[in-house]
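S.K.: prediction below, plus the sequence it came from.
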Amino acid sequence: MEKFLIVDAAMNDLIRPSLYQAYHEIVPVDGTLAATEITDVVGPICETGDFFARDRELPVVEEGALLALLDAGAYGLVLSSNYNTRPRPAEVLVDGSRAQVIRRRETIADLLRGEKR
């Protein structure tokens, strides 16, 4: 039986895994090292390309857990889109143990701002 871990992010946020099978380490933010399972990490868009990892061994996480997709790099936001009217995520700069939001998450109002009646 195939297991799916559905996250609150999608291919519009980070398309590299779908586009050319880029590998991004995925870890629980709380650092918990629990039992592991083989799972597919997917987004909620319902497209076959909406995935971050396939057949990946990851710690078992509970609903609501925070995950980090590491090493998104400079191309993460540049390749992002508003596909399915999804706002782009915030950008966070991590420097050692410090983290700072350097670009806020978009809102639906941001997406509609240029629309005319």
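M.R.: Thanks, I have it. Since the structure is predicted, the reported quantities are computational estimates derived from the model, not experimental observations.
S.K.: count of neighbours near residue 41?
M.R.: Per other C-beta atoms under 10 Å, the neighbour tally for residue 41 reads 21. In this view, the C-beta of every residue, glycine as well, is placed from N, C-alpha and C.
S.K.: ranges for the strands of this structure?
M.R.: Using DSSP state E, the strands of the chain run over residues 4-6, 26-28, 36-42, 51-59, 67-69, 91-95, 98-103.
S.K.: tell me the contacts of residue 23?
M.R.: Residue 23 is in contact with 17, 53, counting by C-beta atoms under 8 Å, 6 or more residues apart in numbering.
S.K.: read off the pLDDT value for it.
M.R.: Residue 23 carries a pLDDT score of 94 in this model.
S.K.: how far away from the center of its chain is the lowest-mean-pLDDT helix or strand in the chain?
M.R.: When each helix and strand of the chain is scored by mean pLDDT, DSSP states H and E, helix 75-78 comes last, with a mean of 82. Mean-position distance between helix 75-78 and its chain equals 12 Å (C-alpha atoms, centre = their mean, to the nearest Å).
S.K.: in it, what's buried?
M.R.: Buried residues in helix 75-78, counted by 16 or more other C-beta atoms under 10 Å: residue 76.
S.K.: and stretch 44-54, by the same measure?
M.R.: Here stretch 44-54 shows 45, 50, 51, 52, 53 as buried, counting by 16+ other C-beta under 10 Å.
S.K.: number of nearby residues for residue 89?
M.R.: Neighbourhood size, residue 89 [other C-beta under 10 Å]: 20.
S.K.: counting contacts, what elements does the least confident helix or strand of the chain pack onto?
M.R.: Contact partners of helix 75-78 among helices and strands, from 3 or more C-beta pairs under 8 Å, 6 or more residues apart in numbering; DSSP states H and E: none.
S.K.: for the remainder of this discussion, apply numbering that starts at 39.
M.R.: Sounds good: first residue 39 from here, last item helix 113-116.
S.K.: can I have it written out in PDB, keeping just the CAs?
M.R.: Extracted C-alpha coordinates of helix 113-116, given in PDB (Å, rounded to 0.1, in the frame of the first residue of the first chain):
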ATOM      1  CA  TYR A 113      15.500  29.200  -7.800                       C
ATOM      2  CA  GLY A 114      12.700  28.300  -5.400                       C
ATOM      3  CA  LEU A 115      10.900  31.600  -5.600                       C
ATOM      4  CA  VAL A 116      12.100  32.400  -9.100                       C
END
